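1. Build the 3D model from these lines:
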Amino acid sequence: MDPSIARRTWRTVEPIHGMSYFAPETQAEFSALGLVGRMGYFGSRAAPMGPVTADVVIATFYNFRPALVRDSIPAAWERATPAQILDARVRGADAALRRTLGPAVTSPEMVEAADLARAAATAACTRLEGRPLFAGHASLPWPDEPHLVLWHAQTLLREFRGDGHIAALVTAGLTGLEAAITHVATGEVPGAVLASTRAWPTEEWDAAVAGLQARGLVTSGTELELTDAGRAQRQWIEDATDATALVAYEPLGVDGSARLRELARPWSRAIVDDGFLAPPPT
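-> Next up is the predicted model:
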């Protein structure tokens, strides 16, 4: 299988996972527990690892400003237990998916997609080594309803890929902030969005850009772009991430992966159109 299949399949299905942190239903569940600001996001994503310290969250989430994390962790654990936060995330995801997808949550297509995604996630669960955030999620019980099986499977696959991506970034010698900047330099995401959602102040952002320019990885013009060396590094990172993620999709094969994308595409589009895939700027 071409390793890029791992990236294409993850990207197509990813909104089904990503929306669960920021949809109004999930935000309401977090608020009911007394979680404010980013506590719901950091707390619910870190909760499978237990009530870990802020340093563990900084390490495993990678590209958020440490001070932003410390504003939420360990304060989230003082307001609710990890188990309570995880239950709230499931309830919020359930309600949000039912609202967004309507009758599709009980359709035969949902059952088929859930089975395919679960097969991929189950394969990933045989490779826990070096993937702490994924391993925490892999320890959680599977839900029963097909739309939640699909959601949980994609959550596992996202964290499986994410841990592998961080390993590639570390190997490439990029800090979390530098990784965010080089992502912006690809042109795939606006710098203002990534800087604000990760809470990087202008002076720290600009200093890191200067450091990357000195290393010849980004251009020194007014537009932030990758140099040839930067593009080569970014391609290596993406290729390495794909290669380490592919093991999850091998049981599906080329046809099964394509079928999962086909099934999930209209649901992901509906979620994107709903507009709740990212937190508001800080």
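2. Strands along the stretch 1-150 of the chain, start to end?
-> Counting by DSSP state E, counting those that start in this stretch, the stretch 1-150 of the chain forms no strands at all.
3. okay, now Thr26: neighbour count?
-> For Thr26, the count of nearby residues is 25 (other C-beta atoms under 10 Å). C-beta: built from backbone N, CA, C; applies to glycine.
4. Chain neighbours aside, what residue packs nearest to it?
-> Leaving aside its sequence neighbours, Thr26 sits nearest to Gly92 (C-beta to C-beta, 6 or more residues apart in numbering; 2.9 Å).
5. Look at that neighbour and report its pLDDT.
-> With respect to pLDDT, Gly92 scores 97.
6. and if you look at Ala278?
-> On pLDDT, Ala278 comes in at 61.
7. mind listing the helices for the stretch 1-150 of the chain?
-> Ranges of helices within the stretch 1-150 of the chain are 4-18, 24-32, 39-46, 54-61, 66-70, 75-79, 82-101, 108-124, 132-138, 146-172, based on DSSP state H, counting those that start in this stretch.
8. Distance to Ala243 for these - can I get that in TSV?
-> Output for these, formatted as TSV (distance: least, C-beta to C-beta, whole Å):
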stretch	distance to Ala243
helix 4-18	8
helix 24-32	33
helix 39-46	25
helix 54-61	21
helix 66-70	29
helix 75-79	35
helix 82-101	30
helix 108-124	14
helix 132-138	16
helix 146-172	8
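9. From the chain's centroid, how far away is the lowest-mean-pLDDT helix or strand in the chain?
-> Within the chain, no helix or strand scores below helix 191-197, which has a mean of 75 by mean pLDDT, DSSP states H and E. How far helix 191-197 lies from its chain's middle: 16 Å, per C-alpha atoms, centre = their mean, to the nearest Å.
10. Quick one: list the elements packing against that helix.
-> With contacts taken as 3 or more C-beta pairs under 8 Å, 6 or more residues apart in numbering; DSSP states H and E, helix 191-197 sits against helix 176-185, helix 202-214.
11. ranking these by burial, who's on top?
-> helix 176-185 (a mean of 22; mean count of other C-beta atoms under 10 Å).
12. what about the nearest residue in space to Ala67 that is not next to it in sequence, which SS state?
-> Of all residues not flanking Ala67 in the chain, Ala199 sits nearest, at 7.0 Å (C-beta to C-beta, 6+ apart). On the three-state scheme (DSSP: H, G, I helix; E, B strand; the rest coil), Ala199 is labelled coil.
13. which residues touch Ala199?
-> Going by C-beta atoms under 8 Å, 6 or more residues apart in numbering, Ala199 touches 64-65, 67-68, 282.
14. Where does confidence bottom out across those residues?
-> Least confident entry in those, by pLDDT: Thr282, with 33.
15. Name the nearest residue to Leu174, sequence neighbours excluded.
-> Leu174 sits nearest to Thr182 (C-beta to C-beta, 6+ apart), 6.6 Å away.
16. pretty sure the one you found is touching Trp236, no?
-> No. At 11.7 Å, Thr182 and Trp236 do not qualify as touching, with contact defined as C-beta atoms under 8 Å.
17. which of the contacts of Ala199 are buried?
-> The neighbour-count test (16 or more other C-beta atoms under 10 Å) marks 64-65, 68 as buried among these.
18. With respect to Ala123, which of the residues you listed is nearest?
-> Ala123 lies nearest to Phe64 out of these, by C-beta to C-beta, at 29.1 Å.
19. Quick check: mean pLDDT of stretch 244-254?
-> The model assigns stretch 244-254 a mean pLDDT of 98.
20. Could you list the low-confidence segments of the stretch 1-150 of the chain?
-> Within the stretch 1-150 of the chain, not a single segment meets pLDDT under 70.
21. Can I get the helices and strands packed on helix 191-197 in CSV including distance to Leu252 and mean pLDDT?
-> Shown next, in CSV, are those (distance: least, C-beta to C-beta, whole Å; pLDDT from 0 to 100):
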stretch, distance to Leu252, mean pLDDT
helix 176-185, 28, 94
helix 202-214, 37, 94
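22. Tabulate those helices (a markdown table), appending distance to Arg265.
-> Shown next, in a markdown table, are the helices and strands packed on helix 191-197 (distance: least, C-beta to C-beta, whole Å):
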| stretch | distance to Arg265 |
| --- | --- |
| helix 176-185 | 24 |
| helix 202-214 | 35 |
